[in-house]
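Q: Got a predicted structure plus its sequence, pasted below:
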Amino acid sequence: MNQADLNKNGDRIVKRPRLRDIQPTSIVLNKTRKPQRIFSPTLLLFYGFIILILIGSITLMLPISSNDQSYTHFEDAIFTATSAITVTGLTVVSTTDHWSSFGKGVIFVLMLVGGIGFMSFATFILIVIGQRITLSERILIRDSVGGEKLGGIVGLLRRIFIVVIVIYGIGMVLIFWQMIQIFPLKEAVWQSAFLSVSGFNNAGFTILPDSNSLEGVNNNVTILITVTILILLGGIGWSVIVDTYKSRRFSRFTLDTKLITTASISLWVFGALILLLSEFANPLTLGEMPIHEKVSQSLFHSISGRTAGFAAMPMIGINELTKLLLITLMFIGGAAGSVAGGIKIGTFAVIVAAVVSSLKGRLQVEAFGREIPQYQVLRAITIGILGLVLIILVSVSLTLVESDKGFPFLDLLFETVSAFGTAGLSMGVAPLLTIWGKMMLTGIMILGRIGPLAVALALTPREDTPSYRFAQERVRIG
């Protein structure tokens, strides 16, 4: 039997594809959303701030905290406690006249803990008494001081405390030699300690008698220079101080240090120049001063106005241009991981670098011979937009709530940005606000200290990273 006989009809199988077998298959990718974490590091920091604010508020409400031994209104107590713990410096009652020695001591402790970081402060106590630091506590410390790595965080904390104590001490000694010429020994020590801590923490609180902020010592060059240096050191952050000390040369600095130092100096000089030109002939501010005092006052207020809020001249008398300048500086604030608020100077520097790179026609953002990661550029833009939106919302809300008092919008905007940037400069509006207005500023001080992006990320449920990307399509912009 040959092969042909074996291949009969029906033995050959022909496969014909059916229509339903060749149709495209639709695959649905469900995004897995992780539940909200009510105990994330950022939210724990937020809870800690709230707890400290409530404790401080209750303490400041007590008769022992006021000079006239009477109860302080809750809205004034919580505003002051929030201002101290967020190292803002905005006040609704006179720090010198209203609060007793005990009340001033409470404010001193609040701004001391708030400046260093309450989690860092609590952990340092645990280290002193010999307790082990858990992983969750290390994460909280990292977020509190603005670090990036968990390794060596306890050692970093020790170094931070040593450096801070040394800076406090040097500042206190330099200020003391001036205060002893004005006050008795005990009062001179207290004034020096308070101003040194307030200066380095960029808090803006002062307890000088018969003086609005530093106006009473505005002709004391030693005090102004000392406070300026304290503000500068507190506003650039721990990592920049350490990197500057280790590297010594600008060429060896990290990109972060280069951006922060360059932007800080540029804003300082630019702000001082604009302020000098704006207020040069203003009789309410710099107009009656000799030229060297005009220059020194401009330099002082350019750096103090951005982060600390000390004032050595009447802020109520400044021109509209100066208000806009200070609003811009306060919105930017200090460095990430420092005691300052605002969108942070690193954020501002990255946005500027992105604009410059775009104008040069480059697809990547570059600065000092390095490329900045795209996700950091997007994060910087997000922080800037969120901060701007928050300020607009609060300013408009204040305008509506306080409409019957006739405050100029620019003054309300100034007060709002001062609270957001935890700067503390004021047009004298805060004490005159209703309870609702004070609560709005209280809330924005907390958000400004923690950071708008940190709050947004903490409250947003996280999604798993998608394993696909959509096709690109051009849109019209510009």
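A: Happy to help now that I have it.
Q: what sits against residue 208?
A: By Cβ atoms under 8 Å, 6 or more residues apart in numbering, the contact list for residue 208 reads 96, 191, 214, 216-217. The way it works is simple: take the backbone N, C-alpha and C, and place the C-beta from them, glycine included.
Q: change it to 7 Å
A: Residue 208 is in contact with 96, 191, 216-217, counting by Cβ atoms under 7 Å, 6 or more residues apart in numbering.
Q: Give me the secondary structure label for it.
A: coil (DSSP: H, G, I helix; E, B strand; the rest coil).
Q: 29 is where my numbering starts, stick with that
A: Fine by me, first position is 29 from now on; the one you just mentioned is residue 236.
Q: if I look at it, how far off is residue 338?
A: 11 Å (Cβ to Cβ, to the nearest Å).
Q: go on, residue 452?
A: Here the distance between residue 452 and residue 338 works out to 8 Å (Cβ to Cβ).
Q: any residues in contact with both of the two?
A: Shared contacts of residue 452 and residue 338 (Cβ under 7 Å, 6+ apart): residue 232.
Q: follow-up on the earlier one: could you point out which of the contacts of residue 236 is nearest to residue 430?
A: residue 124 (26.2 Å; Cβ to Cβ).
Q: I'd like to know how many residues surround the closest residue to the closest one other than its chain neighbours.
A: Of all residues not flanking residue 124 in the chain, residue 235 sits nearest, at 5.2 Å (Cβ to Cβ, 6 or more residues apart in numbering). As a burial measure, residue 235 scores 20 neighbours (other Cβ atoms under 10 Å).
Q: so what's residue 235 up against?
A: Applying Cβ under 7 Å, 6+ apart, one finds that residue 235 lies in contact with 123-124, 132, 219, 222.
Q: Residues contacting stretch 94-114, please?
A: 77, 80-81, 84-85, 88-89, 91, 93, 117-121, 125-128, 131, 135, 138-139, 141-142, 231, 233, 450, 463, 466-467, 470, 473-474, 477.
Q: buried subset of those residues?
A: Buried members of those, scored by 16 or more other Cβ atoms under 10 Å, are 77, 80-81, 84-85, 88-89, 93, 117-121, 126-128, 131, 135, 138-139, 141-142, 231, 233, 450, 466-467, 470, 473-474, 477.
Q: Among those residues, which ones are in helices?
A: Here DSSP state H is the test, and the buried ones among the contacts of stretch 94-114 give 77, 80-81, 84-85, 88-89, 131, 135, 138-139, 141-142, 466-467, 470, 473-474, 477 as lying in helices.
Q: Model confidence for the residue nearest to residue 124, exactly?
A: pLDDT for residue 235: 93.
Q: and it, backbone torsions?
A: phi -130, psi 30 (degrees, to the nearest 10).
Q: how close does it sit to residue 378?
A: Using Cβ to Cβ, one gets 38 Å for the distance from residue 235 to residue 378.
Q: tell me which of the contacts of residue 235 is nearest to residue 257?
A: Distances from residue 257 to the contacts of residue 235, taken as Cβ to Cβ, are shortest for residue 222 (17.1 Å).
Q: Thought residue 137 was touching that closest one, still the case?
A: No. Judged on Cβ atoms under 7 Å, residue 222 makes no contact with residue 137 at a distance of 11.1 Å.
Q: What segments of the stretch 229-378 of the chain are helices?
A: Taking DSSP state H, counting those that start in this stretch as the criterion, the stretch 229-378 of the chain contains helices spanning 249-264, 266-275, 283-307, 319-335, 348-360, 373-387.
Q: got the buried residues for the next helix or strand after the last one?
A: Sequence order places strand 393-395 as the next helix or strand after helix 373-387, per DSSP states H and E. Buried positions in strand 393-395, judged by neighbour count with 16+ other Cβ under 10 Å: 393, 395.
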